[in-house]
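Novice: Sequence and computational prediction follow.
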Amino acid sequence: MECEEENTKKSNEQKRFDKFFKDLEKLIPEPDHYLVEDMSTLVANIPPIKVWVRREYLRDFRDGHGDYTPGYWVTCKSLTGRALYFETYLTEYGALYDKLPISAFLAWDSDHPDCPVDPTPDLPLTDLQFWNGFDTGITVVEKNLIYNMEFEVMTRSSGTLKGTYLFTIDNYHPHRNEADFYFSEVPDEHKSHNIIELENGQIGAYPNNRCRMLDPSLTHNELKNPDFKVSTRYFNVEHAPKWGRLGETDDYFWRTPQENGSTHIRQLEKDQDSPGES
């Protein structure tokens, strides 16, 4: 008898606990996917490019000059007013090392698998990346059409170098509820960062207007010198006054007032209403 009373007591307590947690769940709001999408990315995954890391960057430039350790790129970070930062997995240590600029790396070369060849010329960071990050919003893409094209890159101090395209890093402003203090979405200031493996073994991040892409099938034999001007304009297709407004119609196949009054449209409607006439 005592056991039955004890079991009943436990059962009632369990019911009260179950009800308490169900009521508690009702108070917890559903996840807001819009909020998640609007979060600043700051860090983005990048292709796992195999690289050599200059050890002086791992030793805060106190020593290690001329030595290298192998690794694989993991992520890239974009901070306004800073060079792009790359996170690398160091295979000899089983360690991640973050916040290295692109000048800290040499591309891994299968012809020299055990130790890299010192680059000639050895370009400084300011020759490998022209522009700092434009915002904390970052995205990574591989431009398929140009992926296998031969690149020519115009450096600041060492003329033109050839290279191989790897991928592209681009910036955007991630927070619509915060003022945009930077230039990621200003047409005449925004730049992409095309990540290029250079023929001297270094890797650089170059904007479109410092690159030339050559394809044996698509590119002309005699190339023109670009005479382009920087785009300063914002283009918008919705604010066209002659179209009027559509807030008063729920027609799926809507027409503008001009289309409704068009002789061509009226003739099409007449032909549709009288398909058998010739």
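Specialist: Perfect, thanks for sending it.
Novice: Which pLDDT does the model give residue 25?
Specialist: Residue 25 is assigned 65 on the pLDDT scale.
Novice: For residue 107, see how far away residue 181 is.
Specialist: 35 Å (CB to CB, to the nearest Å). C-beta here means a position set from N, CA and C on the backbone, and glycine is covered the same way.
Novice: Compare the two (neighbour count), which wins?
Specialist: residue 107 (21 against 8; other CB atoms under 10 Å).
Novice: and the more buried one, bridged to which residues?
Specialist: residue 51 (DSSP bridges).
Novice: Okay, it and residue 70: tell me how far apart.
Specialist: 11 Å.
Novice: could you pull out the strands for this structure?
Specialist: Remark: strands assigned in the chain by DSSP state E are 43-45, 50-54, 68-77, 85-90, 95-100, 105-107, 137-141, 150-154, 160-172, 193-198, 203-206, 211-214.
Novice: Please identify the buried residues of the longest one?
Specialist: Pointing back at strand 160-172 there. For strand 160-172, a neighbour-count test (16 or more other CB atoms under 10 Å) marks 161, 163, 164, 165, 166, 167, 168, 169, 170, 171, 172 as buried.
Novice: Put together a markdown table for these, with distance to residue 19 on each row.
Specialist: Formatted as a markdown table, the buried residues of strand 160-172 follow (distance: CB to CB, whole Å):
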| residue | distance to residue 19 |
| --- | --- |
| 161 | 71 |
| 163 | 66 |
| 164 | 64 |
| 165 | 61 |
| 166 | 58 |
| 167 | 54 |
| 168 | 55 |
| 169 | 52 |
| 170 | 51 |
| 171 | 50 |
| 172 | 47 |
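Novice: okay if I get those as TSV plus pLDDT?
Specialist: Formatted as TSV, the buried residues of strand 160-172 follow (pLDDT from 0 to 100):
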residue	pLDDT
161	97
163	97
164	97
165	97
166	97
167	97
168	96
169	93
170	91
171	85
172	84
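Novice: between those, which is closest to residue 195?
Specialist: Closest approach between the buried residues of strand 160-172 and residue 195, by CB to CB: residue 166, at 4.4 Å.
Novice: residues in contact with that closest one?
Specialist: Contact analysis of residue 166 by CB atoms under 8 Å, 6 or more residues apart in numbering lists 47, 49, 195, 196, 197, 203.
Novice: what about 7 Å?
Specialist: Shown in contact with residue 166 (CB atoms under 7 Å, 6 or more residues apart in numbering): 47, 49, 195, 196, 197.
Novice: Drop anything exposed from those residues.
Specialist: Looks like the contacts of residue 166 have 49, 195, 196, 197 buried, using 16+ other CB under 10 Å.
Novice: Residue 151 is in contact with the third one, correct?
Specialist: It stands for residue 196. Yes. Look at residue 196 against residue 151 with CB atoms under 7 Å: they come within range, at 5.4 Å.
Novice: joint contacts of the two?
Specialist: 163, 164, 165.
Novice: so what's the last one up against?
Specialist: Same thing as residue 165. Counting by CB under 7 Å, 6+ apart, residue 165 has contacts 146, 147, 149, 151, 194, 196.
Novice: low-confidence ranges in the stretch 101-250 of the chain?
Specialist: 179, 184, 188, 240-246 (pLDDT under 70).
Novice: show me where it has helices.
Specialist: Using DSSP state H, counting those that start in this stretch, the helices of the stretch 101-250 of the chain run over 125-128.
Novice: who touches stretch 172-185?
Specialist: 38, 40, 41, 80, 134, 135, 136, 137, 139, 171, 189, 190.
Novice: For it, list the C-alpha coordinates in PDB.
Specialist: Extracted C-alpha coordinates of stretch 172-185, given in PDB (Å, rounded to 0.1, in the frame of the first residue of the first chain):
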ATOM      1  CA  TYR A 172      29.500  43.700 -48.100                       C
ATOM      2  CA  HIS A 173      27.800  45.600 -45.300                       C
ATOM      3  CA  PRO A 174      26.100  43.000 -43.100                       C
ATOM      4  CA  HIS A 175      24.000  45.100 -40.800                       C
ATOM      5  CA  ARG A 176      21.100  47.000 -42.200                       C
ATOM      6  CA  ASN A 177      20.200  48.400 -38.800                       C
ATOM      7  CA  GLU A 178      23.600  49.900 -38.400                       C
ATOM      8  CA  ALA A 179      25.100  52.900 -40.200                       C
ATOM      9  CA  ASP A 180      27.500  52.000 -43.000                       C
ATOM     10  CA  PHE A 181      30.700  53.900 -42.300                       C
ATOM     11  CA  TYR A 182      32.700  52.100 -45.000                       C
ATOM     12  CA  PHE A 183      32.900  51.600 -48.800                       C
ATOM     13  CA  SER A 184      32.000  48.000 -49.500                       C
ATOM     14  CA  GLU A 185      28.900  49.000 -51.400                       C
END
